[in-house]
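Enquirer: Need the 3D shape of this:
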Amino acid sequence: MPPPLVDPVTGALIEIVLNELLGVVKIIASSKTWGKELKEKLESLKPTIEQISTNVSDTSPDSGNLFRDFRVDLEEGIRVVKILEKVRSFDIFRRYRYGKKIRKFQGKLSDFLSRVPLKIALDVQKLDADLRVYFQRFEIEIKSAIAGITTDPIYNTVMLQQINTIQVCQTSSTDTMHESTAAQQAIICASQVPVMPKFVVGLDSRIKDVKQILLQNDVNVVGVAGMGGSGKTTLAAALCNDTEVKDFFQNNIIFITVSLLDNVNGPSEILEVMWDKLIKRPQRPKFRSIEDAHNQLNEQLKSRTEQPTLVVLDDVWFTSNLESLLFETKGYKTLITTRQDSTIQITDSTRHLYKVEMLDEANALSLFCFWAFGQTSIPTTAKKNVVKEVAAECKGLPLALKVIGSCLNGEPQPVWQSAKEKLSRAQHISESHRDELLKRLEMSIDILDDVQKQCFLDLGAFPEGRKLSVDSLLDIWVYVRGMDWEDAFVVLFELAKRNLINLIGNPGSGAMEYSCASELSFSQHDVMRDLAVHVANKESIDNRKRLFMPRKEDNIPKEWLTLTNQVSGAQFLSFHTGAMQDHDWPEIHFPEVEALALIFSAGQYCLPTFLQTMPKLKVLILYNYSSQRATLSGLPSFPSPVQIRSVLLNKLYVPPLYDNCRSWERLEKLYVCLCEGLENITLLDKEVQALNFPNIKEINIDHCSDLRELPSNLCNLTSLQILSVTNCHLIQKLPENLGMLRSLRVLRLSTCPILSRLPPSICTLGKLEYLDISLCGYLKEVPSKFDQLSNLETLDMRECPRLKKLHKVKLKSLKRVIISDPAMEGEWLSIPDLVVNVVVERFSLDWLDE
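Expert: As a prediction, this is how the structure comes out:
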């Protein structure tokens, strides 16, 4: 329908506005100091837009509404520009976040321009083209900056200081690849020496002192005690990497993070890990009890040839049964880190306790300056006395120095002054004043904006120390907090920059550029998690929007039981327990809950009945971290219509869920990790409505050991944009009708070692931008019409030794290829404008034999 005609006066006003808007585009696209100019330009347009909407309303209500709505958009554009104007050039993540909002304004501007009277002499297409060029430049600049982030904090201080790199436990040798068991996967993170920080202070003297004790012939047990965040784990990791220590123990060093293992039934699982690591036999005997496990292990240690061995038990919280983890055979020593001096009983001269003291003034200031300024001294541009006073208020606690320093990085002087005053009101930091420590650290979130603060508080739902996928966290921020995915992703990096969260990722992957964060994980220091819970719990339990269990417990917290037979207004609910039966759950109604996390360690788990009274539930997390897959019972009938948008299933036996999820028509994200019961999933092809997810956008299947084939019905999900099937060692082929996924943008097939071919229909995926076939060792060739992938931009083919001639395929849209063989780099460089990333092979399965 053509737009209505307007009177000459109004038409003239419209032409003035449009020409002014063209000026807006020019300001955005060309000026280096565009913030102030853009704000003034937009402000000047407000009265004219108001006059036009009034004039036009009398003759054409629709046009009047058009201008009136655009005036609202204009107000929002001005607000965002004012914020972006204050963002410093080096604060890359905030620039990206608010730059995205400017782009939204650009979209609304383009829509407005396309609907105004056509008789106005203005080249709207040229305007849109100018806008697109600018924002393409903007995104390239930001992506380039993000891509330049390294794992070295020296370079990350200004941008991102806490994204670490871990070795993914994979290999390209399909002949030697063996499937890992659930127990092995459960202990992998708990039995690795933590990565050392790139910058530490005051460590040399501590290492020297502990070595002097540890290497004495008559010492069997050394305890390292100190408050949370004092550097106990860093000290233990440094000792494991010390040349003298490694030579003394002939590299027989075992590191176990005790707090990451399931200790509901005492240290039985820890003893199993110790047996596997120390005895190294194919089969472990079945232990009747903790005492039996200790006795059998003790006999084995006594009978073996004298072999110096160091076992590090990190982050020990319990005192009962600790003695069952200690052995006094010749050459065997145990190092224990703990917060409580009383954890270790000093019975004789064979046991010693080393107390980790706070950093001295010089080292504390050096560490603080590193995180606050990216250098180890106070810069000349900073107020020396204020910096010293703020650093001094951290009382020498490394965690406080790191977090508070990071949070003040790049902040103006008034923020520093406010931080100094808030810190000065806190009491002395000590373990007996834990609340005062949290109050001191609370300053680090006071300077966050409202959105960042709410996102940080959500972290309290997840247990500390565990490596968790960021997928569900981002989904909570998207579906519950109402954020765009890009905004949520940027906030994640902002929190990491401030050391409020630790990110772990694969630097070789480019999937994150395509709104896929499946290779990115996060973890939290327990003190930072305590801070999130502490702040969230300030309100009375009746008024809390978040109900999070502070620690894993066998039962529901007594405080929560006061809500029995009542209605709670909580929006985000998180339980952390062992096995649960139906009678263990309280009768509480949660009609406002939009996110539910059930985190547990059990082989059998009964879901709560109150799931049936959650009509607003959007994000559901079922996360089991025991050494065995859990079978669920008590599966509810969800209230209709089901609002669930995102579901994460971890280490479950999934068939019982089939019937319950059939009605989840609004489901958009599904993550299935370390699950079993998928060997017969192709039977779903015999059921017409088996996979009725008309709005699904992303499916991620990872480390599912019995998955052999995907159901063909999966390809009927035409809204699917991201499909990840990774680390599934038995999958041999993909559905022949894969090309039916016409919306697919990202396809990840990494580490499917016996996948031998790609279906020809993959060549019809016209929207596919990212393809990951890394570590698919049996893949010899791609379909003959592979060059028809007209939108493919990134190809990850690391460690695909049998794919030799792929560089000869003419992929006109290809911008980046990731390989692992440096000898192949020259062949790919023959393609103009192609970026070739060579990622050195870094995958192994050595941990399976440890």
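Enquirer: When you work out contacts or count neighbours from here on, use the C-alpha atoms and nothing else.
Expert: Will do.
Enquirer: which residues in the stretch 451-600 of the chain form helices?
Expert: 470-479, 485-497, 526-536 (DSSP state H, counting those that start in this stretch).
Enquirer: Could you say which one of these comes nearest to residue 753?
Expert: Among the helices of the stretch 451-600 of the chain, helix 470-479 comes nearest to residue 753, with 24.7 Å by CA to CA.
Enquirer: Other residues contacting the closest one?
Expert: For helix 470-479, the surrounding residues in contact (CA atoms under 8 Å, 6 or more residues apart in numbering) are 455, 459, 483-485, 488-489, 517-518, 520-522, 595, 618-619, 621, 645-648.
Enquirer: Pull out the buried residues from that helix.
Expert: 470-479 (16 or more other CA atoms under 10 Å).
Enquirer: try stretch 400-413
Expert: 400-410.
Enquirer: What is the nearest of the residues you listed to residue 604?
Expert: Once CA to CA is applied, the member of those that ends up nearest residue 604 is residue 403, at 39.2 Å.
Enquirer: Could you double-check that that closest one sits in contact with residue 444?
Expert: Yes: with contact defined as CA atoms under 8 Å, residue 403 reaches residue 444; the gap is 6.9 Å.
Enquirer: picking that back up, let's have the helices of the stretch 451-600 of the chain in CSV, adding mean pLDDT and distance to residue 202.
Expert: Listed next are these as CSV, based on pLDDT from 0 to 100; distance: least, CA to CA, whole Å:
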stretch, mean pLDDT, distance to residue 202
helix 470-479, 94, 33
helix 485-497, 84, 23
helix 526-536, 86, 21
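Enquirer: Where does the prediction get shaky in the stretch 751-850 of the chain?
Expert: 807-808, 840-850 (pLDDT under 70).
Enquirer: For the helix or strand where residue 795 lies, name the packing helices and strands.
Expert: Using DSSP states H and E, residue 795 maps to strand 794-796. Contacts defined by 3 or more CA pairs under 8 Å, 6 or more residues apart in numbering; DSSP states H and E place strand 794-796 against strand 770-772, strand 816-819.
Enquirer: List the buried residues of the helix or strand following the last one.
Expert: The one in question is strand 816-819. Moving toward the C-terminus from strand 816-819, the next helix or strand (DSSP H and E) is helix 825-828. Across helix 825-828, burial judged by 16+ other CA under 10 Å covers 825, 828.
Enquirer: same check, this time on stretch 562-578
Expert: 563, 568-578.
Enquirer: With stretch 586-596 instead?
Expert: For stretch 586-596, by 16+ other CA under 10 Å, it's 586-596.
Enquirer: could those be laid out in JSON lines, adding pLDDT?
Expert: Below are these laid out as JSON lines (pLDDT from 0 to 100):
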{"residue": "586", "pLDDT": "88"}
{"residue": "587", "pLDDT": "88"}
{"residue": "588", "pLDDT": "89"}
{"residue": "589", "pLDDT": "90"}
{"residue": "590", "pLDDT": "92"}
{"residue": "591", "pLDDT": "93"}
{"residue": "592", "pLDDT": "94"}
{"residue": "593", "pLDDT": "95"}
{"residue": "594", "pLDDT": "96"}
{"residue": "595", "pLDDT": "97"}
{"residue": "596", "pLDDT": "97"}
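Enquirer: Show only the entries of those found in strands.
Expert: Secondary structure assignment by DSSP state E places 595-596 of the buried residues of stretch 586-596 in strands.
Enquirer: Show me which of the buried residues of stretch 586-596 is closest to residue 698.
Expert: The closest of the buried residues of stretch 586-596, once distances to residue 698 are taken by CA to CA, is residue 595, at 18.4 Å.
Enquirer: can you put the helices of the stretch 451-600 of the chain in JSON lines and add distance to residue 753?
Expert: Shown next, in JSON lines, are the helices of the stretch 451-600 of the chain (distance: least, CA to CA, whole Å):
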{"stretch": "helix 470-479", "distance to residue 753": "25"}
{"stretch": "helix 485-497", "distance to residue 753": "31"}
{"stretch": "helix 526-536", "distance to residue 753": "37"}
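Enquirer: Low-confidence ranges, the stretch 151-300 of the chain, go.
Expert: In the stretch 151-300 of the chain, residues with pLDDT under 70: 151-191, 261-266, 282.
Enquirer: That one: helices as residue ranges?
Expert: 153-156, 182-187, 203-214, 232-241, 243-248, 268-278, 290-303.
Enquirer: which residues are contacting the fourth one?
Expert: Put plainly, it is helix 232-241. By CA under 8 Å, 6+ apart, the list of residues contacting helix 232-241 reads 193-197, 203, 206-207, 211, 224-226, 245-246, 253, 312, 314-315, 335, 337-338, 356.
Enquirer: coming back round to it: tell me the two of the buried residues of helix 470-479 that are most distant?
Expert: Taking CA to CA, no two of these sit farther apart than 470 and 479, at 14.2 Å.
Enquirer: Next step: the contacts of helix 470-479 restricted to strands.
Expert: 521-522, 595, 619, 621, 646-648.
Enquirer: now, which of the residues you listed sits nearest residue 218?
Expert: Of those, the one sitting nearest to residue 218 (CA to CA) turns out to be residue 522, at 41.1 Å.
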